[in-house]
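Chemist: give me a model of this one.
(one chain, ligands or ions: 1)
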Amino acid sequence: MLSYTDYKTKAAALEFRTGCWIDGAFVPSLSGETFPSINPATGHKLCDVAKGGAADIDRAVISARTAFEDGRWSGKTPAERKEVLLKLADLIRENLTEMALLDTLDMGKPISETVNVDAPGSAMFFQWHAEAIDKLYDEVAPTGGRDIAMIRRVPLGVIGAVVPWNFPLDMATWKLAPALATGNSVVLKPAEQSPLSVLFLAELAKEAGLPDGVLNVVPGFGEDAGQALGRHNDVDCLVFTGSTNVGKMFQRYAGESNMKQVWLETGGKSPNLIFADADLDQAADMAAFGIFFNQGEVCSANSRLLVHESIKDEMVAKLKTLAEAVVQGDPLDPATTMGAMVDAEHASRVEAYLKKGKAEATVVTGGARCTIGTSDAFIQPTIFTDVAADATIVKEEIFGPVLAIQSFSTDEEAIAMANDSIYGLAASVWTSDLTRAMSVSDALNAGTVSVNTVDALSPMTPFGGMKQSGFGRDLSIHSFDKYTALKTVWIKF
Ligand code: NAD
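Modeler: A predicted model of the protein is given here:
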């Protein structure tokens, strides 16, 4: 890690890419309109970014379709695609500080996280998918006789990807790496709050050897650019990460246009179950990490803590101490452990939940919005206890550093409380009893259950939700399923 002074100096000298990236070049939006990119930690403008709309999406889809049809990427062998994507991973690593700074400035998260998690994570995910792609075999069905029935995995064509702002580079990478590895062309729409790192990524992809038109990035707003992509008749598949409400819109857009495939990674309200036989110090440390990491702006944040009644007071005390040790401040300072909310509007949304929480539960610590320097987009790490099962702060995704603690008396009650949610993205279980670990994990409705840890995640394991947390999986070999169709070629001889 560099020093605070070094990061500030580098941030001041940073170059921003601000156009739409179409056909391998930055171009202004066709309307000429722009929107400001704001650093939420200061409230100051970083730059003006092209505001892509339906016409720009159309231009990008034409570019992607042309590239797909002429085979400049789709026609390359898996090994050739692997080489380009490995080179891209190398370039991300070479430009790691710049990438990290872009996400920190654009989105407000601490530099210690973008340098150690987001930027290296993007390189790792590209590398993993690149290395996997020339190890996937097609199949031959056991027909017997004078028949050969090949089951081939083929790219879908043009993928539309719409992603959120909480991990701007990594959420885009989770879509791009498998989509590109399998030979598709992509039109990516980043969140309007955080377009800067993926615009730089697009430029690096070209430098790595990705042919023009294979990756297009159209910055813009959800209702126009996002909707235009969702409704485009020449997009074969739409992959989305974001809120549940917008995810449902993409299902509608697809149904009202060309019935494109839609894969959704949406919201969560993940439970963290701590049993009395757990290692309580470790459980408390990770419970704090599970809700305060990335300002709580994590889809799988462990925002509901379910503790056995016999250890509740002890856990509340431990978590209070941990919450009060969080260092809020300038995200460019390596000592900062919690930055700003993504923007003032989101800070207001979280603040409204704090008000609701105060009316329906007891504040253990925090509970307020705060001003640091010139920005009021900061929220104190907050813990509520004595929260009723039907409280708003237990039911709704807050997407901020706000933990709701409830207690249980039996395993059955804990499971019922954990599953009492419209979401099913992730869950954690803390116990030293293997039988309990297995039976509780089996009973939880969640795409990932972490035992004696939180948010376990790797490129090797699929990530995604059940219920209204969505469907389809990012990461792992299974992520390729979303970006390919199975084609049967049956030969009689
Ligand atoms: P959001 O749904 O508001 O926006 C996500 C994307 O959708 C953005 O690019 C936005 O511009 C676009 N969009 C917004 N309205 C649209 C519309 N009407 N039509 C088309 N596109 C539209 O979500 P957000 O606030 O950016 O991100 C937070 C949400 O993302 C949370 O709910 C969080 O749980 C979820 N998330 C889920 C995962 C996961 O893997 N399950 C990961 C990260 C974030």
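Chemist: only C-alpha atoms from now on, for both contacts and neighbour counts.
Modeler: Fine.
Chemist: excluding chain neighbours, what is closest to Asp376?
Modeler: Spatial nearest neighbour of Asp376, chain neighbours left out: Cys370 (5.7 Å); criterion: Cα to Cα, 6 or more residues apart in numbering.
Chemist: which of the three states applies to the one you found?
Modeler: strand (DSSP: H, G, I helix; E, B strand; the rest coil).
Chemist: check contacts around it.
Modeler: Going by Cα atoms under 8 Å, 6 or more residues apart in numbering, Cys370 touches 376-380.
Chemist: one more time with 10 Å, if that's ok
Modeler: Contact analysis of Cys370 by Cα atoms under 10 Å, 6 or more residues apart in numbering lists 328, 340, 347, 351, 376-380.
Chemist: repeat for Lys320
Modeler: Lys320 touches 284, 288, 364-366, 381-383, counting by Cα under 10 Å, 6+ apart.
Chemist: in what helix or strand does it lie?
Modeler: Assessed by DSSP states H and E, Lys320 sits inside helix 312-324.
Chemist: what mean pLDDT does the helix or strand that comes right after that helix get?
Modeler: Per DSSP H and E, helix 312-324 leads on to helix 344-360 as the next helix or strand towards the C-terminus. Taken as a whole, helix 344-360 has a mean pLDDT of 98.
Chemist: which residue lies nearest the spatial centre of the protein?
Modeler: In the chain, the C-alpha nearest the mean C-alpha coordinate belongs to Met171, at 3.9 Å (Cα atoms, centre = their mean).
Chemist: can you list the residues of the chain near the ligand?
Modeler: Contact residues, the chain versus the ligand (Cα under 6 Å from any ligand atom): 162-165, 189-192, 221-223, 226-227, 241-244, 246, 265-268, 298-299, 464, 469.
Chemist: can you select the buried ones from those residues in ChimeraX?
Modeler: The buried residues among the residues of the chain next to the ligand can be selected in ChimeraX (16 or more other Cα atoms under 10 Å) with this line:
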select :162,163,164,165,189,190,191,192,221,222,226,227,241,242,243,244,246,265,266,267,268,298,299,464,469
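Chemist: mind listing which of the residues of the chain next to the ligand are in strands?
Modeler: Within these, residues falling in strands by DSSP state E are 162, 189, 241, 265.
Chemist: the second one and Pro195 touch, don't they?
Modeler: Yes: the pair Lys189 and Pro195 qualifies as a contact (Cα atoms under 10 Å) at a distance of 8.3 Å.
Chemist: farthest-apart pair in the ones in strands among the residues of the chain next to the ligand, please.
Modeler: Greatest spacing in these, by Cα to Cα: Lys189 and Glu265 (15.2 Å).
Chemist: list the contacts for Val218?
Modeler: 19-22, 26-27, 29, 50-54, 56-57, 59-60, 162, 187-191, 195, 198-199, 225-226, 229.
Chemist: mind doing that once more with 8 Å?
Modeler: The contact partners of Val218, taken as Cα under 8 Å, 6+ apart, are 20-22, 52, 56-57, 60, 187-190, 225.
Chemist: return the member of the residues you listed nearest to the ligand.
Modeler: Distance to the ligand, by Cα to the nearest ligand atom, is smallest for Pro190 among the contacts of Val218, at 4.9 Å.
Chemist: was I right about that closest one contacting Val162?
Modeler: Yes: Pro190 lies in contact with Val162 (Cα atoms under 8 Å); the separation is 6.1 Å.
Chemist: quick check on the nearest residue to Asp433 once chain neighbours are set aside: phi, psi?
Modeler: Among residues not flanking Asp433 along the chain, Asp277 sits closest, at 7.3 Å (Cα to Cα, 6+ apart). Main-chain torsions, Asp277, degrees, to the nearest 10: phi -90, psi 10.
Chemist: please begin residue numbering at 323 from this point
Modeler: Understood, numbering begins at 323; the last thing we discussed is Asp599.
Chemist: sorry, back to before: the contacts of Cys692: which two are farthest apart?
Modeler: Largest pairwise distance in the contacts of Cys692, by Cα to Cα, is 16.4 Å, between Gln650 and Glu673.
Chemist: next, the distance between the ends of stretch 719-726.
Modeler: 11 Å (Cα to Cα, to the nearest Å).
Chemist: name the surrounding residues that touch that stretch.
Modeler: Stretch 719-726 is contacted from outside by 589-591, 613-614, 617-621, 623-627, 663, 671-672, 675-676, 701-707, 709, 715-716, using Cα under 8 Å, 6+ apart.
Chemist: buried only: go through the residues you listed for me.
Modeler: Buried members of the contacts of stretch 719-726, counted by 16+ other Cα under 10 Å: 589-591, 613-614, 617-621, 623-627, 663, 672, 675-676, 701-707, 709, 715-716.
Chemist: which ones among those residues are found in helices?
Modeler: 613-614, 672, 675-676, 715-716 (DSSP state H).
Chemist: between those, which is nearest Ser434?
Modeler: Of all those, Phe614 has the smallest distance to Ser434: 14.1 Å, by Cα to Cα.
Chemist: nearest residue to the closest one other than its sequence neighbours?
Modeler: Phe614's closest residue in space is Pro723 (Cα to Cα, 6+ apart), at 5.1 Å.
Chemist: check the burial of that neighbour by counting its neighbours.
Modeler: Pro723 sits with 29 neighbouring residues when counted by other Cα atoms under 10 Å.
Chemist: repeat for Asp764
Modeler: By other Cα under 10 Å, 12 other residues sit near Asp764.
Chemist: name the helices or strands packed onto whichever strand or helix holds it?
Modeler: Element membership for Asp764, per DSSP H and E: helix 756-765. Judged by 3 or more Cα pairs under 8 Å, 6 or more residues apart in numbering; DSSP states H and E, helix 756-765 is in contact with helix 733-741, strand 748-752, strand 770-773.
Chemist: tabulate the ones in strands among the residues of the chain next to the ligand (TSV), appending pLDDT.
Modeler: Below are these laid out as TSV (pLDDT from 0 to 100):
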residue	pLDDT
Val484	99
Lys511	99
Thr563	98
Glu587	98
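Chemist: between those, which sits nearest the ligand?
Modeler: Glu587 (3.8 Å).
Chemist: circling back: only C-alpha atoms, please: export the helix holding Lys642 in PDB.
Modeler: Provided in PDB are the C-alpha atoms of helix 634-646 (Å, rounded to 0.1, in the frame of the first residue of the first chain):
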ATOM      1  CA  LYS A 634     -27.100 -12.600  23.100                       C
ATOM      2  CA  ASP A 635     -25.800 -10.100  25.600                       C
ATOM      3  CA  GLU A 636     -22.200 -11.200  25.200                       C
ATOM      4  CA  MET A 637     -22.500 -10.900  21.300                       C
ATOM      5  CA  VAL A 638     -24.200  -7.500  21.500                       C
ATOM      6  CA  ALA A 639     -21.300  -6.200  23.700                       C
ATOM      7  CA  LYS A 640     -18.600  -7.600  21.400                       C
ATOM      8  CA  LEU A 641     -20.300  -6.200  18.300                       C
ATOM      9  CA  LYS A 642     -20.700  -2.800  19.900                       C
ATOM     10  CA  THR A 643     -16.900  -2.700  20.500                       C
ATOM     11  CA  LEU A 644     -16.200  -3.800  17.000                       C
ATOM     12  CA  ALA A 645     -18.600  -1.300  15.400                       C
ATOM     13  CA  GLU A 646     -17.000   1.500  17.500                       C
END
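Chemist: show me which positions of that helix end up buried.
Modeler: Those would be 634, 637-638, 640-642, 644-645, for helix 634-646 by 16+ other Cα under 10 Å.
Chemist: and what of stretch 791-809?
Modeler: Neighbour count says stretch 791-809 has 791-806 buried, by 16+ other Cα under 10 Å.
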